[in-house]
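K.L.:
build me a model:
(2 chains)
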Amino acid sequence: MGATNAMSNSLSQWLFPPSALHSTPSSVTSNIPLEKELYDRARGVEFLFRLGVSLVLPTSAMFTAATWFHRFYMRFSMEDYHRQDVAAACIFLATKTEECGRKLRDVAKIYCSKVSRIELKEIPDDSREVEDSENAILQTEEVLLEALCFDFVVDSPHAELVDLFDAREVQSEVEDFAWSIANDSYRTPLCILYPPRIIAAACYILAQQLVEGPQSTSLAARLASPAPSASLPTPPSQKPSPMTSRFAVEFFKFNEIELASVRDALSILLEFYAAQDLQGSTEYLATIGSIPPPTTSANREKLYLPFTHVTQNATLQGQTAT
Amino acid sequence: MSMFNQDPMRYYRTKRDNAKRRVGDKYTILGFISSGTYGRVYKAQSKEADGRIHAIKKFKPDKEGEVVTYTGISQSAIREIALNREISHENVVALKEVILEDKSIYMIFEYAEHDFLQVIHHHSQTLRSPISLSVLKSLTYQLLNGLLYLHECHIIHRDLKPANILITSGGIVKIGDLGLARLTHEPLQPLFAGDKVVVTIWYRAPELLLGAKHYNKSVDVWAVGCVVAELASLRPIFKGEEAKLDSKKNVPFQKDQLLKIFEVLGTPDEREWPALKDMPEYHNMKRLDTYQFRLFDWCASRMKTHQGYEFLKALFAYDPDARLSAKNALKHRWFQEEPKPTRNAFFGLPPHQIPPHRRISHDEVPSMMPLPSAAAQGGNPGPPAPPGFQNLSQGAGRPGSTASFGSLSGGTGGGRDTAGHVRKKSRLA
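P.N.:
This next block holds a predicted model:
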């Protein structure tokens, strides 16, 4: 086991049914409640993105690292490997596979700076903390390599979105929103549940709904199967034609099963947004939490609890690395 | 922090190490094949029922700066694994498995009994006769077929040379050693910068020799041209001396190598290669003597037919954009005239014409592979090359071999190479 897997096609073996989230190593071996695990996954990816931005990595490297992060915790418990160590190891490894090499020392210093909230320039090169971080990153890297079975190449929904954008002139606002939602999707485990095109479609459709407002075609109609008949009278308020609202669905030529997956992916995204404390955030985030999800196929158990609830219950779970 | 981070880690590593199988549990190391900058290659037999033979490439750790400390898994290993995991083609060596053990990466490849260099040696040293046209054409066709696949996967090999091109005992060509290979689309770093300079000098394309910062797949096609010429004549066609980096690490002008090319292909001019005058080394080049094109004469006795000459000429186009692509090379009329290439390159050959089995050395095993039995013998402090090594040094003195690293090639390790490794090793100790 471990690294010595057969060299098989890599994507399918890294997709799990949503029910697998209820039996992750964190849950089975460490009794960590699902809502806590999902909260820490979101925080870990947030930390990972912050490291990546400070290191000025290309976004593709960060998306790859974030995917690995989620894959890692399908094989190891969050109790045994701290999310910040795993995030840093994912980032360090991604700099090697994505040809944007950074020195271990630089990754470790930025890690220290973020964990201890000290200005980067005030951290000396040879401090004990930097050395400890280097060791933590290297030790985690070894475990990470095995957890990943040396499958380094990962696709992102962003690549699919680019194809989708290229296929048609659309409002740039939809594109911007879809892109941001795809970024946010990495805070959820969507990348280990659905292939990139499903996620891309979910992000795009949600972005359309956001831009077109609550009076526009519902998510349910956007994702209904079969497509709502064109002969039915269309309410005048429904500005974008059904053709436009189903653009992504048609572009990807989804079959029934894939359509159901898009609905599920969308509902997980909406659940994630609704779990945030969105007060005081930007307008679009404030509305996103209240969008009714499409009806989903399976009786999926709810994944997310409000994060404020999770933090209140987590006793003495500091934001730092200790 | 260190307490929290490291103690559970140690516990889990122990647990994991006990659970997982080590290289020595799965493979019996039969001997040492070759070594190079990035690591060493061993011949090994699977302990599974099929008892298959494999080549295992063990990576040395990377260095960061002058001090040798462990700074994570080697980027070259990661890169080679990432590329290999994405590809699968009959004419490219297949990666079977990767094992991480004691901070070292082991890549387990399918084994190939022969390589182009070995075939060349067998014909020049033992048989003292040229490679038959049928074998030459079959080897070339399969090489281009594998290269086309790599190029269609957006991979530039960058280090094609006879030692890196393997042949199975069934006569199937396998391109090996993607250690320098890179993806071509959106190169995030210039392919030239920082890196080891690309392609062993005898096989290096003129645009690289003239300092081009941007180059493409056609550097591999140039190398194929050099390899075909070497198969046809049993010696490197452009056997130049590499100018070494000076003390300031400036990249030197590769005068001798360019002259070797010009002697056969003539001095290039702007009419046949419009971008020539923009090359960084253009002015240095202009100071060299001028030569006439004489590839036709070169080919007369060696390539046998006119199409053979045309084929080689098209691979050796100076302008990278005018050079044949792998795809068009496969369509060349040379392959359509008799004898046609065969799927088994050795098809119909009398047994004595097939090169002997790859030689391996047993002496290097104990010091490099920490097998249970070997570990008990204690560390090997890095002695001079053991006697068994002499067998391996037939390629000694060829720059083409010494630049190689862990190429899966027998007969190319080279005494010089090994000595260098031992020297480095003892310095680390």
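K.L.:
just the helices in the stretch 101-250 of chain B please.
P.N.:
Under the criterion DSSP state H, counting those that start in this stretch, helices of the stretch 101-250 of chain B are mapped to B:116-121, B:133-152, B:206-209, B:218-233.
K.L.:
which strands or helices does the last one pack on?
P.N.:
In terms of contact count using 3 or more Cβ pairs under 8 Å, 6 or more residues apart in numbering or on different chains; DSSP states H and E, helix B:218-233 is assigned the packing partners helix B:116-121, helix B:133-152, helix B:206-209, helix B:295-302, helix B:306-315, helix B:326-330. Every residue, glycine included, has its C-beta placed from N, CA and C.
K.L.:
tell me the mean pLDDT for that helix?
P.N.:
Averaging pLDDT along helix B:218-233 yields 97.
K.L.:
what do you get for the longest one?
P.N.:
Model confidence over helix B:133-152 averages 97 on the pLDDT scale.
K.L.:
among the helices and strands packed on helix B:218-233, which comes closest to chain A?
P.N.:
Evaluated with Cβ to the nearest Cβ, the helices and strands packed on helix B:218-233 place helix B:133-152 nearest to chain A, the distance being 15.5 Å.
K.L.:
how far does that closest one sit from the chain's center?
P.N.:
Offset of helix B:133-152 from its chain centre (Cα atoms, centre = their mean, to the nearest Å): 15 Å.
K.L.:
over to stretch A:291-306?
P.N.:
Its chain's average C-alpha position is 17 Å from that of stretch A:291-306, according to Cα atoms, centre = their mean.
K.L.:
what of stretch B:288-302?
P.N.:
With Cα atoms, centre = their mean, you get 27 Å for stretch B:288-302.
K.L.:
between the two ends of that stretch, what distance do you get?
P.N.:
By Cα to Cα, to the nearest Å, the extent of stretch B:288-302 from end to end equals 28 Å.
K.L.:
what's that stretch in contact with?
P.N.:
Contact with stretch B:288-302 is made by B:130, B:229, B:232-233, B:237, B:255, B:258-259, B:262-267, B:308-309, B:312-313, B:316, as judged by Cβ atoms under 8 Å, 6 or more residues apart in numbering or on different chains.
K.L.:
I'd like to know which of these are buried.
P.N.:
B:130, B:229, B:232-233, B:237, B:255, B:258-259, B:262-267, B:308-309, B:312-313, B:316 (16 or more other Cβ atoms under 10 Å in any protein chain shown).
K.L.:
beyond the helix or strand of chain A with the lowest mean pLDDT, next helix or strand please.
P.N.:
In chain A, no helix or strand scores lower on mean pLDDT, DSSP states H and E than helix A:242-245, which sits at a mean of 64. Sequence order places helix A:247-252 as the next helix or strand after helix A:242-245, per DSSP states H and E.
K.L.:
quick check: buried residues in that following helix?
P.N.:
So for helix A:247-252, counting by 16+ other Cβ under 10 Å, buried means A:247, A:248, A:249, A:251, A:252.
K.L.:
check stretch B:79-91 too.
P.N.:
Buried-residue list, stretch B:79-91, by 16+ other Cβ under 10 Å: B:79, B:80, B:81, B:82, B:83, B:84, B:85, B:87, B:89, B:91.
K.L.:
ok, so of the residues you listed, who is nearest chain A?
P.N.:
residue B:82 (4.3 Å).
K.L.:
residue B:252 should be in a strand, yeah?
P.N.:
No. Residue B:252 is assigned coil when assessed by DSSP: H, G, I helix; E, B strand; the rest coil, not a strand.
K.L.:
tell me which residue is most central in chain B.
P.N.:
Central residue of chain B (Cα atoms, centre = their mean): residue B:164, 3.4 Å from the mean position.
K.L.:
per-residue pLDDT, the nearest residue to that one once chain neighbours are set aside?
P.N.:
Distance criterion Cβ to Cβ, 6 or more residues apart in numbering or on different chains; nearest residue to residue B:164, sequence neighbours excluded, is residue B:177 at 4.4 Å. pLDDT for residue B:177: 84.
K.L.:
what do you get for residue B:363?
P.N.:
For residue B:363, the model assigns a pLDDT of 61.
K.L.:
one more: residue A:2?
P.N.:
Residue-level pLDDT assigned to residue A:2 equals 34.
K.L.:
please apply the same query to residue A:153.
P.N.:
88.
K.L.:
can you report how many residues lie near it?
P.N.:
15 (other Cβ atoms under 10 Å in any protein chain shown).
K.L.:
repeat for residue A:40
P.N.:
With other Cβ under 10 Å as criterion, residue A:40 counts 20.
K.L.:
does it touch residue A:78 like I think?
P.N.:
Yes. If you go by Cβ atoms under 8 Å, residue A:40 and residue A:78 touch, sitting 5.6 Å apart.
K.L.:
what touches both of the two?
P.N.:
Counting by Cβ under 8 Å, 6+ apart, nothing touches both residue A:40 and residue A:78.
K.L.:
and for residue A:29, the neighbour number?
P.N.:
When neighbours are defined as other Cβ under 10 Å, residue A:29 has 12 of them.
K.L.:
residue contacts, it?
P.N.:
A:77, A:79 are the contacts of residue A:29 under Cβ under 8 Å, 6+ apart.
K.L.:
per-residue pLDDT, it?
P.N.:
For residue A:29, pLDDT reads 92.
K.L.:
mind pulling up the phi and psi values for it?
P.N.:
phi -90, psi -20 (degrees, to the nearest 10).
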